[in-house]
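Asks: The amino acid sequence is not available; the structure is as follows:
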């Protein structure tokens, strides 16, 4: 059986304030200053995706899983194929390192696999939790399916904690 390792992926992410600044600059460049109300752009594009103002603390972000809300404490991630999705800041910080500060791995391959698996799992968990917490589609699902998704999130979080414990003993 052939084994594979997930390729390291570099993503781009911006803060809520950076998204607002981008929207303002875009509206001004296009001569749509009337689209800026109380210092907030109401509709603009980011990476070719339409962004819509919900209220001054929230924008609606189109994702592959449907529309999601991005709040002031969230990060907006651009994936490897140009897709965008919001991520809670605490999940983002637990999942991603800045490329300029990411340490080079000196671990043996079997230990690096644990580290890589933990990072991949945290990314998947962040996406699942964002769907549960922020996507209005979640509330339209049958109660049993909502329960399964919540149980899946709990199981993934427990597994991530176990991997984190294993990582803390590497060295």
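Replies: Looks like it came in fine. For clarity, every value in this text was computed on a predicted model and none was experimentally measured.
Asks: so residue 36 bridges to which residues?
Replies: Assessed by DSSP bridges, residue 36 has beta-bridge partners residue 41.
Asks: Tell me the confidence at it?
Replies: Note for residue 36: predicted pLDDT of 93.
Asks: show me the contacts for it.
Replies: 23-24, 27-28, 42 (C-beta atoms under 8 Å, 6 or more residues apart in numbering). Any C-beta I mention is one placed from the backbone N, CA and C, and that applies to glycine too.
Asks: now residue 73
Replies: 16, 88-89.
Asks: Could you rerun that using 7 Å?
Replies: Contacts for residue 73 (C-beta atoms under 7 Å, 6 or more residues apart in numbering) come out as residue 89.
Asks: Ramachandran coordinates for it?
Replies: The phi/psi pair for residue 73 (degrees, to the nearest 10) reads phi -100, psi 20.
Asks: Secondary structure element holding the nearest residue to residue 153 once chain neighbours are set aside?
Replies: Spatial nearest neighbour of residue 153, excluding adjacent residues (C-beta to C-beta, 6 or more residues apart in numbering): residue 128 at 5.3 Å. In this structure, residue 128 is located in helix 109-134 according to DSSP states H and E.
Asks: And the residue nearest the centre of the chain?
Replies: residue 87 (3.2 Å; C-alpha atoms, centre = their mean).
Asks: what's the model's confidence in the helix or strand in which it is found, averaged?
Replies: Per DSSP H and E: residue 87 is located in strand 84-88. Averaging pLDDT along strand 84-88 yields 94.
Asks: The least confident helix or strand in the chain by mean pLDDT relative to strand 84-88, how many degrees between them?
Replies: Sorting the helices and strands of the chain by mean pLDDT, DSSP states H and E puts helix 109-134 at the bottom, at a mean of 83. Orientation check (axes from the mean of the first three to the mean of the last three C-alpha atoms, to 10 degrees): helix 109-134 against strand 84-88 gives 90 degrees.
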